[in-house]
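**Student:** Give me a 3D structure for the following:
(chains A, B, C and D)
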Amino acid sequence: MDFNPTDDQRMLADTLRRFVAERYPLEARTRLSGAAPGYSTQAWRQLAELGALGALFDPELGGYGGGPDDIAAVFEALGSGAVAGPFLASLLSGSCLASVGGEQAEALLQAIIAGDAVIAFAHQEPGSRYELGRVETTAAAGAGGWRLSGAKAVVSYGDAADQFIVSARTSGAPDDEQGVSLFLVPAGAPGLSIRGYVGVDGARSAEVLLDQVEVGADRLLGVAGGAFEVIEKATGAGVVALCADGVGALDVVKDMTAEYLRTRKQFGQPIGSFQALQHRMATVLIEIEQARSALTNAVAAFGGPRVSRERALSAAKYTLGRVAALVAEEAVQLHGGIGMTWELPLSHYVKRLIMLDHLLGDVDHHLERYIALGRAA
Amino acid sequence: MDFNPTDDQRMLADTLRRFVAERYPLEARTRLSGAAPGYSTQAWRQLAELGALGALFDPELGGYGGGPDDIAAVFEALGSGAVAGPFLASLLSGSCLASVGGEQAEALLQAIIAGDAVIAFAHQEPGSRYELGRVETTAAAGAGGWRLSGAKAVVSYGDAADQFIVSARTSGAPDDEQGVSLFLVPAGAPGLSIRGYVGVDGARSAEVLLDQVEVGADRLLGVAGGAFEVIEKATGAGVVALCADGVGALDVVKDMTAEYLRTRKQFGQPIGSFQALQHRMATVLIEIEQARSALTNAVAAFGGPRVSRERALSAAKYTLGRVAALVAEEAVQLHGGIGMTWELPLSHYVKRLIMLDHLLGDVDHHLERYIALGRAA
Amino acid sequence: MDLTFSAEDEALRQEVRKFLAETLPPDLAQRVRLGKHLSKGETEAWQAALSARGWLAPHWPKEHGGQGWSVTQRYIWDYEKSLAHAPPTVAFGLNMLAPVLIKFGTEAQKAYWLPRMLNGDDWWCQGYSEPGAGSDLAAVKTTAVRDGDEYVINGQKTWTSLGQHANMIFCLVRTANTGKRQEGISFVLVDMDQPGVEVRPIITLDGDHEVNEVFFTDARAPVANLIGEENQGWTYAKYLLTYERTSMAMVGASVAALGLLKDVARTETKGGRPLAEDPFFAARIARAEIELENLKTTTLRVVAAAAAGGAPGAESSMLKVKGTEVHQEIRSLTRRALGPYALPYQPESLAPGSNAEPVGPDYAPGVTPAYLNSRKLTIYGGSNEVQRNIITKAILKL
Amino acid sequence: MDLTFSAEDEALRQEVRKFLAETLPPDLAQRVRLGKHLSKGETEAWQAALSARGWLAPHWPKEHGGQGWSVTQRYIWDYEKSLAHAPPTVAFGLNMLAPVLIKFGTEAQKAYWLPRMLNGDDWWCQGYSEPGAGSDLAAVKTTAVRDGDEYVINGQKTWTSLGQHANMIFCLVRTANTGKRQEGISFVLVDMDQPGVEVRPIITLDGDHEVNEVFFTDARAPVANLIGEENQGWTYAKYLLTYERTSMAMVGASVAALGLLKDVARTETKGGRPLAEDPFFAARIARAEIELENLKTTTLRVVAAAAAGGAPGAESSMLKVKGTEVHQEIRSLTRRALGPYALPYQPESLAPGSNAEPVGPDYAPGVTPAYLNSRKLTIYGGSNEVQRNIITKAILKL
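**Tutor:** Here you go, the predicted structure:
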């Protein structure tokens, strides 16, 4: 039993933290987020060189990590720096490419790892909420290829992407898990329109419309109609990443709040000496440990059989959603008025923690999923 | 707008409180609860003479009250004294009798009001949980009467009753709202067996088995198959009573806890000076006001159309269940070890408040019912 | 027990509804409902419409241009306005300064300032909080030094809502340093259109510019602008803080917000069906609705007690705590209801007069900002922690 | 990161399971599962069976008859025992006094008392709390005055668990009144079979007789029964309080309780279907289960840190707070699950050896008492309020 990261993971995390703190400060990132691509492409390249992307993928595929603990180590470091950028997008797309395999996919994966390509994962739709199997975008087979039509919603870094992995229905009803396929679509494809915007959490996303977008037959990734498993797997990796990101941010918020309680004085004494605040801070500390444990459980179950893996993932995302909201709201309240201000770095962590619940499924979605998976088991 | 009880209601409540405090102390009641009937029959008669039962019923039926605010005034006084006895049973049965009307019913009602008869309401069954329409006990029509068979669960003061009002199915499936009928069954009827016991809240109840119990045709109360509305109405009155009982008990628990915080010293100061406890006590105080308001809402909606009436009743029972558990648990915790002891009067109020949720529907039942009624509206 | 309003009060309610139906432009109400920001002009135009009807300050005595409404009538008025999504009136002059002026001001002060409020000549803001003071209002450091018939003011105020629009500010300033901290504070009206007053924006969590810092550098105010007696300002400040506390329950605002939440939940889908039908989410809404129905009655009980002459003490603190918590919960649920579309940050859609096409449904842009903004409710106006202290101390009398 | 137990630890787990399967009578396990009370004899017989296997005190060093198990091995042992619904061993001697004896006792004391514990010769109880002291353990008023080679003891202890069965009690007594309150306390072993010791029952909320008051009136203890040095008892008491704190997370007990809850929810019906399928109730169970799964890992992280030589500080307080809250929640849900059958009070069904026919399902009699009894968890063993103070102070270092 060993709950510690490996030396490699620790070193990478330290390197990333240092790079972000010294070379890529929050202020600069906030400024850049206002327009596409939303981040410093130079810093992106440097982060890739440091290994932030390679660590997300298997050595067989050109990476040097790829385990759930590797993913967690990278994203915890990113979360503690509140770093925005297409990390999650790269993980999701990269995971899909890794699952389907083949020459084209592997080449793209290597481009992602090198920081040369940004591939967005265009799966979620305006009406799908967090359901993985609900896809209304269609792909009709035609001469020599496919024609895609539909709308994709809140696609992470959709306005920074060179290409998209687009899920589309090739058969079945809108909520069938079967019948969903993945396609590679270049950002410049005729009929594709992209509306980018910054999110409340400082990361960019985009609405992506596909109006009769034509792609060649070779742009189908994997088996037609069989993408659900690939999507679920990628989403699982994404959930680990978001939970780790959340744990990283929680630790920072904890430290900021503890420091504030220690140093801020009111009625002539540090506010941390007020017992009512102490007891609430104790809850914050306890729940952050629970969140960390939930992430650990998800990492531990990642390599196991589907039901226990997915249940642990849903339990983790549920826990992180619950704890992140609790801690974010308490941090603001314990800071008082100053906690409400944009200028304070805390606010960026708080918004990120709150928005965590709106990415890849919220607490209700994952609690219901946890129950349903348990019933099916 | 006037939130105060009438002078009559206030006088009656004061009289009841005084009687209970001076003539019928908790200690005596606890001792009596160990065996049937579970209360002092002398005190019961005196309470009837003081008007505790008459106030629950309409003047047209021989009472001198009968409004939801009358019911609330009586039960709030009883709750503040933690008085056990077949008050709820009398209200439920009396409400049924009042609904069906007729000579027999009115005579029985007058006997109840006078304290001469105790009639238990045998409706709930081992598998019905809190569903009003689920009745598996059957009544088969035969020559000159009915034959009843089935099991009735946790019948309030079933081992103190002279007679029972028994719900039984005369047609339909086990969960049909239609097809339920009410019968008057004497306690000594052949085939009727009663197993009485004291409850955690100090009130007695009984399991009642009916094995081919025969009653005459005249013992059918109201229209065959049409009892659901009567039962729902009676249960509504019961919900008002329980909520008022809870509000009465909450106020006492609040006072006991405040007194304890004021007088108990630890680490050299009154524990009420510890801010963490102050803030939790503030929550207790706020939520008790919410519970009182929920009762007020139920009383106000009682005479209105069915859906708004039943929603307000369910909202009130839900609120009382939530607040009662919160306050009971906080009261024990704020008292510390001494709050865990049977000897402290607090413990009896705490158990009563916790058990409130197990009578006539718990928080989940009533929240779901509130939602379902709103959807149907 | 009688929970119906009197015939007179019900008649007023009908009159209010008729007035709102006739006077409140539907597109303005819709903008308020969706959390869009109003321009200074829009707020002023709405206040002028109220003033024309005599209802800009109906809680004032008739002699000062109000209607002398009872606490019940004011409750109905506030509630109906919120329900109709009417723009909020700017409270600092009408609801905060005016009662102090009426009670403690000179005849000249009343005669000058009150009609100007009704005319919309002044936009008032509040100079109470100072940096680092938080809930400790008596920690006033801004100084006012007498110089002939003027005060010379130096220092800094913060959390000054809508200060960017204001031309006048009422301030707590320190005029003496002897005795307890609560002594030596004075209550002074300061013109903001002078070189010694600088307003700097504070951007809040939600990205909005609502509050400000106000810096005084040798700013001047005539001694005629002193309210009441010098060094007695704490008394007036406290009076202001205890005035009209039932409004802190935010019942009307929460009923309106709950209406939006239900609309969103009926429109958003989950598993192909309306989110409102999902058992988990329906339960979340139902719990909030029940709490709000209870709170409404708790508030009315305090209103009724106040109408009968009782002075609400700890009760108003209870209303503040529960009311703000319920409101936050409703705002939080609306954010949840929105799903992934809670994420896009769309300040351009919220800007006054904007017709920007929203990302996601039309109600999307305002939802997360309203949630984030609502976090202030438990901090300001006496933080909920301070209110909890008050609530328990009132019963424990320690 | 590697979350699997070592092969050696896993082997122990299998060995434990085998032992429990062979040794623990199923009807006894069922009685424990349903919250029935065990007789003194049943507990002693079970302890004798453990002792025969050498596992009554496996956490003791081998030289004293233990197994010298690591913190991980002890975790596995405790967890598996709970899961199998084994009767709890009486902790006061084995887990509380013994570590103090081993660390601070004389050779003679160790040689005499430790084997007697393993033999079941003594039933120990704890004399720490005093009336009115609550969480303030240093407020010791019971006095011990030296009289030759004996102490003469006067005073009162309370909350003495299972004192009615005990023949020995270890006490904190005041031997000096100078200096700080923590000074002048001594740690003494007192024979209860003497006229000066009287035990009176305290009946708890659930109607059970578990705790007692113990009165000392000129009771006597030989000076040979003093542990360590006179007036240094506070040191030993504190050592005892920090020893083996991961068990306060109650993970095994909560997993067992959750199993019962799920069984009840599968058996009880709502709307004609198993309660476990009701969305609300399923969510209640799932939330508790997830918290428990998280807590399990939080506990293992502390165990791993302790195994690596770290001394748990605020972590054990966190485990205590969360563990007791999770356990209470599970007990509360089980009560809810039972519906109307939570109401009957059935002490006769819970009495040792009883075969009384239960009212309602067979699991009914124990459920509400277990819920009520669980309320003590957040009060004793250092109340959760005291633990929260510790947790935050550790990070704030104020």
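**Student:** what helices or strands is the helix or strand hosting residue C:76 leaning on?
**Tutor:** If you go by DSSP states H and E, residue C:76 is part of helix C:71-83. Packing partners of helix C:71-83 (3 or more CB pairs under 8 Å, 6 or more residues apart in numbering or on different chains; DSSP states H and E): helix C:7-23, helix C:251-267, helix C:279-307. Placement of C-beta: from N, CA and C, glycine included.
**Student:** Looking at these, which is nearest to residue A:212?
**Tutor:** Residue A:212 lies closest to helix C:251-267 among these, at 28.2 Å (CB to CB).
**Student:** Beyond the closest one, next helix or strand please.
**Tutor:** For helix C:251-267, the following helix or strand on the C-terminal side (DSSP H and E) is strand C:269-270.
**Student:** Name the strands paired with the helix or strand just after that following strand and say parallel or antiparallel.
**Tutor:** Downstream of strand C:269-270, the next assigned helix or strand under DSSP H and E is strand C:273-274. Looking at strand C:273-274 with DSSP bridges, its partner strands are strand C:269-270 (antiparallel).
**Student:** Could you give the separation of the strand it pairs with from the chain centroid?
**Tutor:** Relative to the chain's own centre, strand C:269-270 is displaced by 35 Å; criterion: CA atoms, centre = their mean, to the nearest Å.
**Student:** Indicate which one of the helices and strands packed on helix C:71-83 is closest to residue B:361.
**Tutor:** Residue B:361 lies closest to helix C:279-307 among the helices and strands packed on helix C:71-83, at 14.4 Å (CB to CB).
**Student:** related to what we said a few turns ago, pLDDT on the helix holding residue C:76, on average?
**Tutor:** If you average the pLDDT over helix C:71-83, you get 93.
**Student:** before we move on, back to that, out of the helices and strands packed on helix C:71-83, nearest to residue C:179?
**Tutor:** That would be, of these and by CB to CB, helix C:279-307, which comes in at 33.3 Å.
**Student:** Distance from the chain centre to the helix or strand following that closest one, please.
**Tutor:** Sequence-wise, the next helix or strand downstream of helix C:279-307 (DSSP H and E) is helix C:314-338. How far helix C:314-338 lies from its chain's middle: 15 Å, per CA atoms, centre = their mean.
**Student:** Any residue of the following helix or strand past helix C:314-338 touching chain A?
**Tutor:** Next helix or strand after helix C:314-338 toward the C-terminus (DSSP H and E): helix C:347-350. No. Contact of helix C:347-350 with chain A (CB under 8 Å from any CB of the partner chain) is absent, the minimum separation being 9.4 Å.
**Student:** Tell me how far the helix or strand following helix C:347-350 lies from the chain's centre.
**Tutor:** Later in the chain than helix C:347-350, the nearest helix or strand by DSSP H and E is helix C:364-374. Relative to its chain's centre, helix C:364-374 lies at 17 Å (CA atoms, centre = their mean).
**Student:** got the contact list for helix C:364-374?
**Tutor:** A:200, A:351, A:354, C:34-36, C:204-208, C:210, C:257, C:264, C:327-328, C:331-332, C:334-335, C:338, C:341-347, C:349-350, C:358-359 (CB atoms under 8 Å, 6 or more residues apart in numbering or on different chains).
**Student:** and the stretch 151-300 of chain A, which residues reach chain B?
**Tutor:** Neighbours of chain B within the stretch 151-300 of chain A, by CB under 8 Å from any CB: A:274-276, A:278-279.
**Student:** For residue D:148, state which of the residues you listed is nearest.
**Tutor:** Closest approach to residue D:148 among those (CB to CB): residue A:275, at 47.4 Å.
**Student:** how many neighbours does the closest one have?
**Tutor:** Neighbour count of residue A:275, defined by other CB atoms under 10 Å in any protein chain shown: 19.
**Student:** Could you pull up phi and psi at it?
**Tutor:** Dihedral pair for residue A:275: phi -60, psi -30, per degrees, to the nearest 10.
**Student:** Quick check: the gap between it and chain C.
**Tutor:** Distance, residue A:275 to chain C, using CB to the nearest CB, to the nearest Å: 11 Å.
**Student:** who's in contact with that residue?
**Tutor:** Residues near residue A:275 by CB under 8 Å, 6+ apart: B:274-276, D:389.
**Student:** Show me what from the stretch 51-200 of chain A comes close to chain D.
**Tutor:** residue A:69.
**Student:** before we move on, what about chain C?
**Tutor:** C:279-280, C:283.
**Student:** Export those to JSON lines and append columns for distance to residue B:49, neighbour count and pLDDT.
**Tutor:** Output for these, formatted as JSON lines (distance: CB to CB, whole Å; neighbours: other CB atoms under 10 Å in any protein chain shown; pLDDT from 0 to 100):
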{"residue": "C:279", "distance to residue B:49": "50", "neighbour count": "16", "pLDDT": "95"}
{"residue": "C:280", "distance to residue B:49": "52", "neighbour count": "17", "pLDDT": "95"}
{"residue": "C:283", "distance to residue B:49": "46", "neighbour count": "19", "pLDDT": "97"}
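**Student:** filter those down to the ones near chain B?
**Tutor:** Taking CB under 8 Å from any CB as the test, chain B is in contact with C:279, C:283 out of the residues of chain C next to chain D.
**Student:** ok, which stretches of the stretch 1-150 of chain C are strands?
**Tutor:** For the stretch 1-150 of chain C, the strands defined by DSSP state E, counting those that start in this stretch cover C:124-127, C:143-147, C:150-157.
**Student:** strand partners of the last one, parallel vs antiparallel please.
**Tutor:** Sheet partners assigned to strand C:150-157 using DSSP bridges are listed as strand C:143-147 (antiparallel), strand C:209-222 (antiparallel).
**Student:** Can you mark which positions in the longest one are buried?
**Tutor:** If you call a residue buried by 16 or more other CB atoms under 10 Å in any protein chain shown, then strand C:209-222 has these buried ones: C:210-216, C:219-221.
**Student:** ok, those residues vs chain B, which is closest?
**Tutor:** Set against chain B, the nearest of the buried residues of strand C:209-222 by CB to the nearest CB is residue C:211 (26.5 Å).
**Student:** State the distance from residue A:285 to residue D:315.
**Tutor:** Distance of residue A:285 to residue D:315, given as CB to CB, to the nearest Å: 10 Å.
**Student:** overlap in contacts of the two?
**Tutor:** In contact with both residue A:285 and residue D:315: no residue, using CB under 8 Å, 6+ apart.
**Student:** Check which element follows the helix or strand that residue A:78 is a member of along the chain.
**Tutor:** Taking DSSP H and E as the criterion, residue A:78 maps to helix A:68-80. Counting by DSSP H and E, the element after helix A:68-80 in chain order, helix or strand, is helix A:87-100.
**Student:** pLDDT weak spots in the stretch 251-377 of chain A?
**Tutor:** A:377 (pLDDT under 70).
**Student:** how about the residues of it near chain D?
**Tutor:** So far as CB under 8 Å from any CB goes, the stretch 251-377 of chain A lies against chain D at A:254, A:258, A:261-262, A:270, A:272-273, A:275, A:278-279, A:281-283, A:285-286, A:289-294, A:296-297, A:299-300, A:312, A:315, A:318-319, A:367-368, A:370-371, A:374-375.
**Student:** just how off-centre is the next helix or strand after the helix holding residue C:76 within its chain?
**Tutor:** Using DSSP H and E, the next helix or strand after helix C:71-83 towards the C-terminus is helix C:91. Here helix C:91 is found 6 Å from its chain centre; the criterion is CA atoms, centre = their mean.
**Student:** Stretch C:93-107 too?
**Tutor:** 17 Å.
**Student:** can you pull the buried residues of it?
**Tutor:** If you call a residue buried by 16+ other CB under 10 Å, then stretch C:93-107 has these buried ones: C:93-102, C:104-105.
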